[in-house]
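Peer 1: Let's see this in three dimensions:
(2 chains)
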Amino acid sequence: MNESRFNPLALVRGFLRPIDPVLMLVLAVLLGYAHVLMQSASPERLDAQVSHIGIALAGMWVLAWLKPQRLLSFAVPLYLLGVLLLVAVELFGEVSKGAQRWLDLGVARIQPSELMKIAMPLMLAWFFQVREGQTRFVDFLVSGVLLVVPVGLILVQPDLGTSLLVAASGLYVIYFAGLSWKLLIPLVVAGVIALGSIVAFGDTLCQPEVDWQVLREYQKQRVCTLLDPTRDPLGKGFHIIQSTIAIGSGGVMGKGWMSGTQTHLAFLPERHTDFIFAVLAEEFGLVGALVLLATYVVLLLRGFHIAANAPTHASRLLAGAITMIFFTYAFVNMGMVSGILPVVGVPLPFISYGGTALVTLCLGIGILMSIQRSRFADKN
Amino acid sequence: MTEFRAPAVDLARFRLRVVVAVLFVLTCLGLLAARFHYLQVQRHDYFLTRAEDNRIALLPVVPHRGTIVDRRGVVLARNYATYTIEITPSQVRDLEATLDELATLVPIDARDRRRFRKLVEESRNFESIPLRSRLTDDEVARVVSQRYRLPGVDVKARLLRDYPQGATASHVIGYIGRINERDVERIEEEGQTANYRGTQHMGKAGLEQSYEQELHGTTGVEQVEVNAGGRAVRALSHTPATPGNDLELTLDIELQKVAEKAFGDRRGALVAIEPSTGGVLALASMPTYDPNLFVDGISTQDWKALNESPDHPMLHRAIYSAYPPGSTFKPFMALAGLETGKRTARQAIHDIGYFNFGGHRFMDDKIGGHGMVDLHKSIVVSCNTYYYQLANDLGIDGIAGFMAPFGFGERTGIDLPGEAAGVLPSPEWKRGRFRRPEQQRWFAGETISVGIGQGYNAYTPLQLANALAALVNKGKLFRPHVVKYVVDSRTGERRAIEPEPLRQIPLRDAHLKAVLDAMVDVNVSGTGKRAFKGAPYSVGGKTGTAQVFSLRGQRYVEGRVRERLRDHSWFVAYAPAENPKIALAVLVENGGFGAQSAAPIARQVIDYYLLNQPVAAPAVEDPEALEGADDEAGEHLHEHEEAGAAVAHADDAPPPGSPQPASRAPAALPVQAPAAPARSGR
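Peer 2: Below is the predicted model:
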């Protein structure tokens, strides 16, 4: 590197060096989309959204600037901190909507479970790196334990959605690490059978007297509502019914920006957060929805590309897992809003309002950028 | 590089897994795209309709109810705008808590709460139910500002019904009340459901009920955009409601007030009819009630008070209660005698004070009788013996056949709900009335008492007034009516309710004249002499007294028999005699003999109507005794019937020295010379 005097262009170039142009472009499209939608869904939150974006991009840049190895060195402390905070939530957490999720640090209220979404794949990637890519049974057993502890803590808050996402983020690492198909396929089959039987026997299971043991009452309600939204059209089914009406009534071209009747007459619940996709589909129609899908596909393909070309085993696992997490967010959210998955509190990545989630997701982007950059680090 | 184990193999294996992941991801996203296509293309129309249904509500625009005015335009029923707090129970989680919360904002007393709870029980859950009306602007502001905390609570501008005359003519005007389940069924049967969307009240009694269709109007529609909370955001289109038509009555509310005032606190009824049209000038039923109590939904207490009062204020005596007509029946009997040829006007009988029939002695009230009595005198002095004989000569079929055309025993068809038919006794009637064969038989002795207006005879004051109107109208019987014009709310066109002649009874002028002349003489020298002393117009009339009579099947009368044993006092009159403008029937329950309490009421009403003479004194005096009449008037009957049937008994003259309950009414008219010599009837 040349020692040069003050050169603005070089400074900008230096500043931009860790930024991956493809990811940045996709991110710009998504955040721009989010901003436009927010003007329709909840204009009073625009300023807050802008500041969230600012914080998130800064976080992203920092991680992108760091090297993957440096990031992996945070894995253990971050993971331990996350578990510690989860325990703290259990002990001192604030109760919101019947669940303990928030921890008030005085400065800000944070959701430790969000932190876990990054810390979990980081931790497992680090673990498999330490194990030098070995894929013996005991390795998977240990990684399983590492996975179950925080997932269990989140599950008892209770927060089914986040615990599933955290579990998924860990499972993706294990999958990419090479968990034997012989184990993987039965696992998937069991999951499918479990879901299928719930659908098949939903009517009996959803009788009020039936106690589901594992899941809380509200979780049972969510699953039951998905199975039959008309069961309680003005109560829990209201969200799904109204969001499918919003999506369906949007048609191909949509009703036009700021003209969604479902949105503007308040039929849509949570329209700036979990249900913002319904706003999009109502106002911009099928075209708008496919544009979003396509943008996500570009994001995911870029993520997989980075993973496939990452220089180290750990960074591959990390990149692959993070990409899958993006996918999971997007799929679960849109699936829920369009009525093919149960209502779980998962935001639409980069679009839904919410600072913590946006920062987490952008940190993920930052990690991808950092990994992408490490490909060329040796050459520099 | 920290990897030493065949990196190429590892990488290849990893990339395979990435490819699998990519396929999985694309499959899932493809699934989503298919779902979007299904919702947004295939089922687009359905969901668009659902969204529009969500968005657009058709709100009924409730029409203004027509007003009711009397013949001179005095308002009897109108609407006024008020703000009400209304609650939709289905949207409220805890009704009591909401009420408590509201009570901190505006005064809500226990009465409001009780009435509200009663309405909640009676209504369907999703209806908006009024809690309090007549909110001040300040109260409206306070509730509206807190409304976000109170789901299901609304402040609405409503038109409420107001009856400015209060209790006056309440039985005629009636009242409106909340539509209940039974009303809904009836509305459905009439195919009016659409027109009653949004209407919460309908006529429940009186004209409000019988002219419901005219008064209600046509409901309009407003298309509004609503939000998820169901609140209207903006109007899209508006079809205005057509207000209900107004009613202009034949009733003269001032005359009505005079009549009601004349009754004081006595029970009874008065019906005044314009003979040439059948238009009802006054229709009083005493005591009355305040129809305003019903408008918001009557409170349990008020309802109980009205229902359990021994005076039965809700009872429409003028058209529903049937009483034996007593001697007011005699002019009709006399006419029957003339028309059938059983009597001539000149033909006289010798009244020896009783009439023997079938081993029973039917008594006249005057011991020793009235001497020679012709038709004229029989009416003037109200001689019973004359009519015992006449009834016997006519026979029950002759009597019933002659009386039926006058409307006795059939509903007059007045434009008010809840009219009774009364009873015109006949052998057929008796067969239909009783179940046991021995009761079904008609006894000739029963005919005798029917002849003086007792026995099974039972007519409403309206029937008697209308029969009299036909009599003085040369036999032309009209359907009585209270509404004169229906005023179209849009065009202002006044549609007249034409007098509807029901029938022309063929009567010979000479016969009519004989009877009517005698009726005029009643008030000159006969039983009505004192009541009409000094009247500057000529007036025909007839007193009557009905022994309290047990009509099986009508409970209220049975109860009264034990409580109140005085006779009912009747008076029928028409004036001016040469060209009658008013014909009326007055009944005072337990008012004693006819001249005692009913006749003075008639006098006040006619004085007001013909002379426009305001009534100075509050109520009518019962003259302590009736005669300084030339000949005494009085009727008496003792009838002993087998089978324990009702004992009919008529008496125009009170037993002398018997305690006078007349003190019930304030003494307004000077009590004149004490009663003539004692005439004992009993």
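
Peer 1: Which residue is it, in the stretch 251-400 of chain B, that comes closest to chain A?
Peer 2: In the stretch 251-400 of chain B, the residue that lies nearest chain A is residue B:297 (28.2 Å; C-beta to the nearest C-beta). (C-beta placed from N, C-alpha, C; glycine too.)

Peer 1: which residues touch that residue?
Peer 2: Counting by C-beta atoms under 8 Å, 6 or more residues apart in numbering or on different chains, residue B:297 makes contact with B:115, B:118-119, B:130, B:177-178.

Peer 1: out of those, which are inside strands?
Peer 2: In this view, the contacts of residue B:297 that belong to strands under DSSP state E are B:130, B:177-178.

Peer 1: What sits closest to residue 179 if chain neighbours are left out?
Peer 2: Here I'm looking at chain A. Spatial nearest neighbour of residue A:179, chain neighbours left out: residue A:140 (5.8 Å); criterion: C-beta to C-beta, 6 or more residues apart in numbering or on different chains.

Peer 1: my bad, the chain I had in mind was chain B
Peer 2: Excluding the flanking residues, the one nearest residue B:179 by C-beta to C-beta, 6+ apart is residue B:202, at 5.4 Å.

Peer 1: I'd say the one you found and residue B:212 touch.
Peer 2: Yes: shown here, residue B:202 and residue B:212 form a contact pair, counting by C-beta atoms under 8 Å, at 5.8 Å.

Peer 1: Could you point out the helix or strand that follows the stretch of helix or strand residue B:18 belongs to?
Peer 2: According to DSSP states H and E, residue B:18 maps onto helix B:7-37. Next helix or strand after helix B:7-37 toward the C-terminus (DSSP H and E): helix B:44-55.

Peer 1: Give me the contacts around that following helix.
Peer 2: For helix B:44-55, the external contacting residues (C-beta under 8 Å, 6+ apart) are A:242, A:244-249, A:251-252, A:261-262, A:265, A:267, B:39, B:225-226, B:228.

Peer 1: any idea how far whatever residue of chain B ends up closest to chain A is from residue A:28?
Peer 2: Proximity of chain B to chain A (C-beta to the nearest C-beta) peaks at residue B:47, 2.6 Å away. Going from residue B:47 to residue A:28 by C-beta to C-beta, to the nearest Å gives 32 Å.

Peer 1: Same drill for these two, tell me which one is more crowded.
Peer 2: Between residue B:47 and residue A:28, residue B:47 has the larger neighbour count (other C-beta atoms under 10 Å in any protein chain shown), namely 21 against 11.

Peer 1: what's the distance between that one and residue B:40?
Peer 2: Going from residue B:47 to residue B:40 by C-beta to C-beta gives 8 Å.

Peer 1: Mutual contacts of these two, please.
Peer 2: Common contacts of residue B:47 and residue B:40 (C-beta under 8 Å, 6+ apart): A:247-248.

Peer 1: returning to that earlier point: check whether the helix holding residue B:18 comes into contact with chain A.
Peer 2: Yes: applying C-beta under 8 Å from any C-beta of the partner chain, one finds helix B:7-37 touching chain A at B:10-11, B:13-15, B:17-18, B:21-22, B:25-26, B:28-29, B:31-33, B:35-37.

Peer 1: Name every strand pairing with the helix or strand hosting the residue nearest to residue B:179 and say which way it goes.
Peer 2: Assigning secondary structure by DSSP H and E places residue B:202 in strand B:201-205. Strand B:201-205 has the following sheet partners, assigned by DSSP bridges: strand B:175-178 (antiparallel).

Peer 1: which is the next helix or strand following the strand it pairs with?
Peer 2: Heading C-terminal from strand B:175-178, the first helix or strand you meet, by DSSP H and E, is helix B:181-189.

Peer 1: and that next one, which residues are buried?
Peer 2: B:183, B:187 (16 or more other C-beta atoms under 10 Å in any protein chain shown).

Peer 1: And stretch A:141-159, by the same measure?
Peer 2: Buried residues in stretch A:141-159, counted by 16+ other C-beta under 10 Å: A:143, A:146-147, A:150-151, A:153-155, A:157-159.

Peer 1: One more: stretch B:396-408?
Peer 2: In stretch B:396-408, counting by 16+ other C-beta under 10 Å, buried: B:396, B:398-400, B:402-403, B:405-408.

Peer 1: and it, how far out from the chain's middle?
Peer 2: When C-alpha coordinates are averaged (C-alpha atoms, centre = their mean, to the nearest Å), stretch B:396-408 and its chain have centres 27 Å apart.

Peer 1: since we're on the closest residue in space to residue B:221 that isn't next to it in sequence, how many residues are nearby?
Peer 2: Nearest residue to residue B:221, sequence neighbours excluded (C-beta to C-beta, 6+ apart): residue B:239, at 4.6 Å. Residues lying near residue B:239 (other C-beta under 10 Å) number 13.

Peer 1: mind checking how far residue B:239 is from residue B:158?
Peer 2: 20 Å.

Peer 1: Let me see the contact set for the nearest residue to residue B:204 once chain neighbours are set aside.
Peer 2: In this structure, residue B:204 finds its nearest non-sequential neighbour in residue B:177, 4.2 Å apart by C-beta to C-beta, 6+ apart. Contact analysis of residue B:177 by C-beta under 8 Å, 6+ apart lists B:201-202, B:204, B:294-295, B:297-298.

Peer 1: Just checking: the least confident one among these is which?
Peer 2: Lowest pLDDT within these is found at residue B:297 (75).

Peer 1: mind checking how far that residue is from residue A:157?
Peer 2: Distance of residue B:297 to residue A:157, given as C-beta to C-beta: 51 Å.

Peer 1: Please apply the same query to residue A:321.
Peer 2: Distance from residue A:321 to residue A:157, counting by C-beta to C-beta: 23 Å.

Peer 1: Equivalent analysis for residue B:587, please.
Peer 2: As judged by C-beta to C-beta, residue B:587 and residue A:157 stand 83 Å apart.

Peer 1: what about residue 300, how many neighbours?
Peer 2: By default, I'm working from chain A. Neighbourhood size, residue A:300 [other C-beta under 10 Å]: 21.

Peer 1: sorry, should have said chain B
Peer 2: Using other C-beta under 10 Å, residue B:300 has 12 other residues around it.

Peer 1: How about the contacts made by it?
Peer 2: Contacts of residue B:300 (C-beta under 8 Å, 6+ apart): B:114-115, B:118.

Peer 1: Kind regards, and thank you for your time.
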